[in-house]
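Visitor: no FASTA, just this:
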């Protein structure tokens, strides 16, 4: 397994809609392994392919490091789609691609999700609470959306300087980063 560098705010790939995974081969299986490894090394709970500089519709989630979710199995979401959602709840979020920036974001309390498993079988799943929030955050990445897009203009003004520092690569993390460049 390899630890992959994580893309940062300002990179174009974080604003692109991903392409569907067409079939599962060794490269996809290895990518999933590398993504789980990368996420774990970065102390994350979710990671989408654009965050490792790939334009494919794939995300991984593992909440088992959180006390309330110890028994939860990791999820691999291939070509996920939100079918329905209910309720709204506000909670603080952060993102490995936007280090050291956290803010309150309103998201659905419950979602009905459709995605594919490693055998390309369709899976329908209902998620609630924190797991629904993390899934929505990662699916947003697959659609070129970031959690900061949900913030009010006043909050965006408050974090503008932090975002500029990230964009310029002036941020320190315990995990490798890919930094924005004019050619990215």
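Guide: Good, I have the coordinates. Everything quoted here is computed from the prediction, not taken from an experiment. Numbers count the residues shown, from 1 in each chain.
Visitor: how about the helices in this protein?
Guide: For the chain, the helices defined by DSSP state H cover 26-41, 129-142, 153-167.
Visitor: mean pLDDT added to those helices, as a markdown table?
Guide: Formatted as a markdown table, the helices of the chain follow (pLDDT from 0 to 100):
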| stretch | mean pLDDT |
| --- | --- |
| helix 26-41 | 97 |
| helix 129-142 | 98 |
| helix 153-167 | 96 |
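Visitor: pick the most buried one from the ones you listed.
Guide: Scoring the helices of the chain by mean neighbour count under mean count of other Cβ atoms under 10 Å gives helix 129-142 as the most buried, with a mean of 22. C-beta: built from backbone N, CA, C; applies to glycine.
Visitor: circling back: who wins for proximity to residue 68 among the helices of the chain?
Guide: Closest to residue 68 of the helices of the chain, according to Cβ to Cβ: helix 129-142, at 7.6 Å.
Visitor: so what's the spatially most central residue of the chain up against?
Guide: Centrality entry for the chain: nearest residue to the mean C-alpha point is residue 138, 3.3 Å, by Cα atoms, centre = their mean. Counting by Cβ atoms under 8 Å, 6 or more residues apart in numbering, residue 138 touches 46-48, 59-61, 77, 80.
Visitor: rerun that using 6 Å as the cut-off
Guide: 46, 48, 59 (Cβ atoms under 6 Å, 6 or more residues apart in numbering).
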